[in-house]
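Participant: Could you look at this predicted model? Sequence included:
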Amino acid sequence: MPAPEPGGEPWSTTVRRGPDGALAVAGLDVRDIARQHGTPAYVVDEADLRGRARAFAEAFAAAFAPEAGMAGADVYYAGKAFLSVAVARWVHEEGLRVDTATGGELAVAIRAGVPGAAIGLHGNNKSDAEITAALEHGVGRIVVDSLPEIDQVAAVAARLGVVAPVMVRVTTGVHAGGHEFIATAHEDQKFGLSLTSGAAAKAVETILARPELDLIGLHSHIGSQILDLAGFEVAARAVLGLRADVAARSGHLMPEVDLGGGYGISYTGHDGVPPTPEQIATTLAGAVRRACTDLGTDVPRISVEPGRSIVGPSALTLYTVGTVKDVALDDGGRRTYVSVDGGMSDNIRPALYQAEYTAALASRASDAEAVTARVVGKHCESGDIVVHGVALPADVRAGDLLAVPATGAYGRSMASNYNMVPRPPVLAVRDGQARVLVRRETVEDLLALDEG
Ligand SMILES: Cc1ncc(COP(=O)(O)O)c(C=O)c1O
Ligand SMILES: N[C@@H](CCCC[NH3+])C(=O)O
């Protein structure tokens, strides 16, 4: 199938085709972007990203307002999807907090000036150094992921003379998401503490007995790239049930519950309709309200941690076409292999999750007939595929620019230097101007790490 025309998903909101058929992002022609900054490049549509962040902030503020009988909500942008100083600043300016999963992500949020109270720290294997950095910066919450971590956080808090605000990450058994490696709440995996085995309740009890720790709530994250909201409702009911049980046993009604991230997006325009922030917020608010009524508890303050749904649709990757090769298929058909100047080092998702993307000729119009094309990278690996199958004009040739939309999440953040390929820059475009958020790596950067 061909890529849908810009003006709708999976393109970011300001992408358009100009009069001569070339794509522009926020009014800037992709040929100018390529001339000024080279390819491959991740091109972030700043207004689009800010708009998505704002839409989440507004939708959750409305659905969880005290006037709606709720106790408020916080939206944490999950930095693992993509984090840079500018992006952390933008999302914070738009009313979001920042969720970090490592000391590195925490350092970016701190560098961006995000106040500690607006930062959360996750991780299934946090180091003492990461916990220390988080507590020294006064983070609003550390999400505890295992029983040994309770002593670890308590020891660091005691050393620093602070009380650490913690949540317990609960696995609810709800399995959702695009791929097994992406789903995170079923039992047989490394994250969180099981609800059914009693490990989560044990963690709660242990934390309540530690004066160095303040148990602010429970956390559930069920997976990623989820289009159907039903799993979130089931998980919400499960964690709210545990919260009510704990209150009945100990008298401590935790003030907060985090329902995680994981909202799906459109990658190809043919892969289902993603929920809007309003749909997500109202669905979750309804589920929380109903569950708390049934359980006879007050509603908690709710938080969520979307990453992909904020940054994913906001960026495209711009590549230059190199070799084009026609191959015969066993069924008698033909496939055109279009090689681009990047590949699995800038987007590992097709190789890792069989993720589907689409692509469009970006630097010109063509009325050539369409051929079935596979867009591949330049790495020494036959699985180095950027787009498994897409209709492209038959005259696609070396020097053309190709755009792959919806690469803002888990592209640059999971990029590698496989084959000593330097990682592409991240450019932000706004009002016809591009600026570098993260510069292009050079071979010299890579050689600088090599001590000989
Ligand atoms: C704990 C946690 N929160 C938030 C996210 C963000 O997920 P997504 O980018 O799918 O919204 C993830 C990743 O799936 C996660 O593991
Ligand atoms: N990195 C994954 C999702 C995992 C999200 C983090 N828990 C992706 O590209 O889809």
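Facilitator: Yep, it's here. Numbers count the residues shown, from 1 in each chain. Ligands and ions are numbered 1, 2, ... in the order given.

Participant: Now for Arg412, how many residues are close by?
Facilitator: For Arg412, the count of nearby residues is 25 (other Cβ atoms under 10 Å). From N, CA and C alone the C-beta is placed, and that goes for glycine too.

Participant: next one: the one 4 residues further on
Facilitator: The local packing of Ser416 (other Cβ under 10 Å) involves 12 other residues.

Participant: For it, give me its contacts.
Facilitator: Met344, Ser345, Ile348, Arg423 (Cβ atoms under 8 Å, 6 or more residues apart in numbering).

Participant: quick one: pLDDT of the first one?
Facilitator: As predicted, Met344 sits at a pLDDT of 98.

Participant: would you say it is within a helix?
Facilitator: No: judged by DSSP: H, G, I helix; E, B strand; the rest coil, Met344 forms no part of a helix; its state is coil.

Participant: Just to check, it is in contact with Gly383?
Facilitator: Yes: using Cβ atoms under 8 Å, Met344 is in contact with Gly383, at 7.2 Å.

Participant: what do those two both touch?
Facilitator: Ala351.

Participant: In terms of neighbours, single out the busier of these two.
Facilitator: Met344 (24 against 13).

Participant: Tell me the spacing between the nearest residue to that one once chain neighbours are set aside and Ala360.
Facilitator: Closest residue to Met344 apart from its sequence neighbours, by Cβ to Cβ, 6 or more residues apart in numbering: Asp384 at 4.5 Å. Distance of Asp384 to Ala360, computed by Cβ to Cβ, to the nearest Å: 20 Å.

Participant: cool, Leu28 as well?
Facilitator: 17 Å.

Participant: Lys190 too?
Facilitator: Using Cβ to Cβ, Lys190 is found at 38 Å from Ala360.

Participant: same question, Tyr418
Facilitator: For Tyr418, the distance to Ala360 - Cβ to Cβ - is 26 Å.

Participant: quick check: mean pLDDT across stretch 170-187?
Facilitator: 72.

Participant: try stretch 138-158
Facilitator: Averaged across stretch 138-158, the pLDDT comes to 98.

Participant: Same check on stretch 282-295?
Facilitator: Averaging pLDDT along stretch 282-295 gives 98.

Participant: Which single residue in the stretch 1-150 of the chain comes nearest to ligand 1?
Facilitator: Ala78 (3.5 Å; Cβ to the nearest ligand atom).

Participant: Let me see the contact set for the residue lying closest to that residue once chain neighbours are set aside.
Facilitator: Closest residue to Ala78 in three dimensions, ignoring its sequence neighbours and counting by Cβ to Cβ, 6+ apart: Gly307, at 3.0 Å. For Gly307, the contact set (Cβ under 8 Å, 6+ apart) comprises Tyr77, Ala78, Gly79, Lys80, Ala81, Phe82, Asp99, Gly261, Ala409.

Participant: Among these, which ones lie close to ligand 2?
Facilitator: Applying Cβ under 6 Å from any ligand atom, the subset of those adjacent to ligand 2 comprises Lys80.

Participant: So which of the contacts of Gly307 is the closest to ligand 2?
Facilitator: Lys80 (5.4 Å).

Participant: re earlier: may I ask which of the contacts of Gly307 has the most neighbours?
Facilitator: Tyr77 (32 neighbours).

Participant: Would you check that my belief about that one contacting Ile310 is correct?
Facilitator: Yes: applying Cβ under 8 Å as the test, Tyr77 and Ile310 come out as touching, 5.8 Å apart.

Participant: For Asp99, which residues are in contact?
Facilitator: Tyr76, Tyr77, Ala78, Gly79, Lys80, Ile119, Gly120, His122, Gly261, Glu305, Gly307.

Participant: residues near the residue of the stretch 101-250 of the chain found nearest ligand 1, how many?
Facilitator: As assessed by Cβ to the nearest ligand atom, ligand 1 sits closest to Ser224 within the stretch 101-250 of the chain, at 3.3 Å. If you count neighbours by other Cβ under 10 Å, Ser224 ends up with 27.

Participant: And Ile222, by the same measure?
Facilitator: If you count neighbours by other Cβ under 10 Å, Ile222 ends up with 26.

Participant: and it, that's in a strand?
Facilitator: No: Ile222 is assigned coil when assessed by three-state DSSP, not a strand.

Participant: Can you pull the poorly scored residue ranges out of the stretch 351-452 of the chain?
Facilitator: Applying pLDDT under 70 to the stretch 351-452 of the chain flags no residue at all.

Participant: which residues in it form strands?
Facilitator: 360-361, 370-376, 385-393, 401-405, 426-430, 433-438 (DSSP state E, counting those that start in this stretch).

Participant: Can you tell me which of those is most buried?
Facilitator: Per-stretch averages of neighbours, counted by mean count of other Cβ atoms under 10 Å, single out strand 401-405 among the strands of the stretch 351-452 of the chain, with a mean of 26.

Participant: residues making contact with that strand?
Facilitator: Contact with strand 401-405 is made by 3, 10-12, 15, 22-23, 30-31, 34, 39, 267, 313, 316-321, 338, 340, 347, 357-363, 375, 386-387, 392, 396, as judged by Cβ under 8 Å, 6+ apart.
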